[in-house]
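[1] Build me a model from this:
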Amino acid sequence: MNKNVLCTSLLACTASLMLGTTASATEGGLSSWPMGIEIYGMGILPPPGTYGQVFVGNYLADSLRDDAGRKAADIDLRATTIVPRFVWVTEQQVLGGNLGFHALLPLNDIRLNVKNGPHDHKRGIGDAHLGPVIGFHHSEKLHSAVGIDFVLPTGSYDRDDLVNLGNNTYTVQAVYALTYTDPAGFNADVRLMHDYNFENRDTHYQSGRELHADYTLGWGLGNGWVVGVGGHAYQQISDDKCSASNCASAALVDANDGNRGRSFSIGPAVQYTGEGWFLSAKWQDESGVRNRAEGQTYWLKFTMPL
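    Predicted coordinates:
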């Protein structure tokens, strides 16, 4: 959210440099990926066929943190998203794995109030994600997937608004996911992502490169249930830039050493496997936040064949 899809990103809520005086990692403190959205099974590409997924998330934040982790502003941010995702796994083999494709388009409702300051509310579609993926099944329990995602600026954007439904920039995201699953034992998942953000042409602002991961750890109870913990880890690895001489954010970029963001979250996670379908849930609380909003996220994920 800011994090998008919550102040997320699939969500893309521009909690923007709050009144122009507060530091934010990446433009508006946002990322193209909703941190921690994935739960169990994130490295498993299913057998050839078509599949539908629905993610439902709610992000709540009450503070914006600066580059030292201090509270920079009191806010009331509430971002709710419904994210339908379509997955098509082909019979085509590439490097020994199955070739697949996916696409998603978030539907967002974002409210932001700054204490003793402005407020805004937006509702509508966010930025679309799509791309190819190759899935490998190394054994009955160990699976992995590699892919590349393209984020398209399909959400509405106005540089003068406090909240936006899209980031108004293209992003290319490299992905590697790994899953170890045991219905009656240890389970572990990680999805590693590296984001390259292109320039926002309306503001001439280019957010830095981002390295982040969704993760879960759990224990299978042998009856379809897996219980454990999950969350995300995020670190911006290059500075934000502003190419225009009159860019309003240029001074902030210089003053805050590139506005590099950081965050970590953890919380309980659970999954139930039915006859050909999966339902997962997770709650995660953020800590160690730099240059971003700090809050809590609830996620639900439902998967079934079409």
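
[2] any weak-confidence spans in the stretch 1-150 of the chain?
    Applying pLDDT under 70 to the stretch 1-150 of the chain flags the ranges 1-30.

[3] hey, where'd the strands end up in it?
    49-65, 71-94, 97-104, 107-114, 119-125, 128-137, 142-152 (DSSP state E, counting those that start in this stretch).

[4] Okay, now the sheet partners of the shortest one, with direction.
    Just to be clear, that refers to strand 119-125. Its sheet considered, strand 119-125 pairs with strand 107-114 (antiparallel) by DSSP bridges.

[5] Make sure residue 168 is indeed in a helix.
    No. Using DSSP: H, G, I helix; E, B strand; the rest coil, the assignment for residue 168 is coil, not a helix.

[6] tell me the secondary structure for residue 202?
    The three-state assignment at residue 202 reads coil, by three-state DSSP.

[7] related to what we said a few turns ago, from the strands of the stretch 1-150 of the chain, which stretch is densest packed?
    Neighbour counts (mean count of other CB atoms under 10 Å) averaged over each of the strands of the stretch 1-150 of the chain peak at strand 107-114, with a mean of 21. Where C-beta positions appear, they are placed from N, C-alpha and C, glycine not excepted.

[8] The spatially most central residue of the chain and residue 291: what is the separation?
    Geometric centre of the chain, nearest residue: residue 34, 1.7 Å, by CA atoms, centre = their mean. As for residue 34, its distance to residue 291 is 18 Å (criterion: CB to CB, to the nearest Å).

[9] Does residue 183 touch residue 219 like I think?
    No. The criterion here is CB atoms under 8 Å, and residue 183 misses it with residue 219 at 10.4 Å.

[10] okay, and the common contacts of those two?
    Residues touching both residue 183 and residue 219 (CB atoms under 8 Å, 6 or more residues apart in numbering) are residue 226.

[11] Contact partners for residue 143?
    Neighbour list for residue 143: 43-45, 135-137, 178-181 [criterion: CB under 8 Å, 6+ apart].

[12] I'd like the distance between it and residue 40.
    12 Å.

[13] Residues that sit against both of these two, list them.
    Common neighbours of residue 143 and residue 40, counting by CB under 8 Å, 6+ apart, are 179, 181.

[14] So what sits opposite the residue lying closest to residue 121 once chain neighbours are set aside in the bridge?
    Spatially, and ignoring its direct neighbours in sequence, residue 121 is nearest to residue 111 (4.8 Å; CB to CB, 6 or more residues apart in numbering). For residue 111, the beta-bridge partners under DSSP bridges are residue 78, residue 121.

[15] is it true that residue 111 touches residue 78?
    Yes. Assessed by CB under 8 Å, residue 111 is found in contact with residue 78 at 4.7 Å.
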